[in-house]
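Engineer: would you be able to build a 3D model of this:
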Amino acid sequence: MIIKEIENIVNSYGAKLYDSEVVQENGDTIFRVYILKDSGVNLDLCANISRDVSPLLDINSPVSGEYRFEVSSPGIERKLTKLSHFIDSVGERVKVKVVGDGKYKGILKSANDTGIELDTKDETLTFSYSQLGTVKTYFEW
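Structural biologist: Presented below is the predicted three-dimensional model:
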């Protein structure tokens, strides 16, 4: 699978593949790869990874037709959609939308195969993944 090969290239730079997506923006198709690195993601790192991944995409296109390829940080406020995202974000501030129940803010206390624990300022709440709508990390300015 192409994602595994991309992940190997990202890892060779001491970074971690966070996610990938194909999006339509302003009539353009974009294949975007998000990376994380403990020391931070900068333009040079993104450019180097892009340079090394591009030949791979020439052989194994991730989408049909024309597209742009981008390497980026998911940002300080990022969506949590995979189990690995939740596990890697334990201890961080998150905003949680619970289907049919409302919104909560707190510290992600734990995450496992079945769900998460959220420490709000008033209590610890437990949610299964099936209850969750959008979950994002957030930064208090």
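Engineer: I'd guessed Val53 sits against Pro62; true?
Structural biologist: No - look at Val53 against Pro62 with C-beta atoms under 8 Å: they stay out of range, at 10.1 Å. Where C-beta positions appear, they are placed from N, C-alpha and C, glycine not excepted.
Engineer: who's more crowded, these two?
Structural biologist: For Val53 versus Pro62, neighbours defined as other C-beta atoms under 10 Å are more numerous around Val53 (19 against 16).
Engineer: three-state assignment of the more buried one?
Structural biologist: Secondary structure state of Val53, per DSSP: H, G, I helix; E, B strand; the rest coil, is helix.
Engineer: so what's the residue count around Leu132?
Structural biologist: The number of residues packed around Leu132, counting by other C-beta under 10 Å, is 18.
Engineer: mind listing what it touches?
Structural biologist: Going by C-beta atoms under 8 Å, 6 or more residues apart in numbering, Leu132 touches Val96, Lys97, Val98, Val99, Gly115, Ile116.
Engineer: in the chain, which spans are strands?
Structural biologist: In the chain, the strands defined using DSSP state E lie at 16-25, 28-36, 68-72, 93-98, 102-111, 115-119, 124-128, 132-137.
Engineer: of the contacts of Leu132, buried ones?
Structural biologist: Val96, Val98, Gly115, Ile116 (16 or more other C-beta atoms under 10 Å).
Engineer: turn the residues you listed into JSON lines, including distance to Glu123 and pLDDT.
Structural biologist: Shown next, in JSON lines, are the buried ones among the contacts of Leu132 (distance: C-beta to C-beta, whole Å; pLDDT from 0 to 100):
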{"residue": "Val96", "distance to Glu123": "13", "pLDDT": "97"}
{"residue": "Val98", "distance to Glu123": "14", "pLDDT": "95"}
{"residue": "Gly115", "distance to Glu123": "16", "pLDDT": "96"}
{"residue": "Ile116", "distance to Glu123": "14", "pLDDT": "97"}
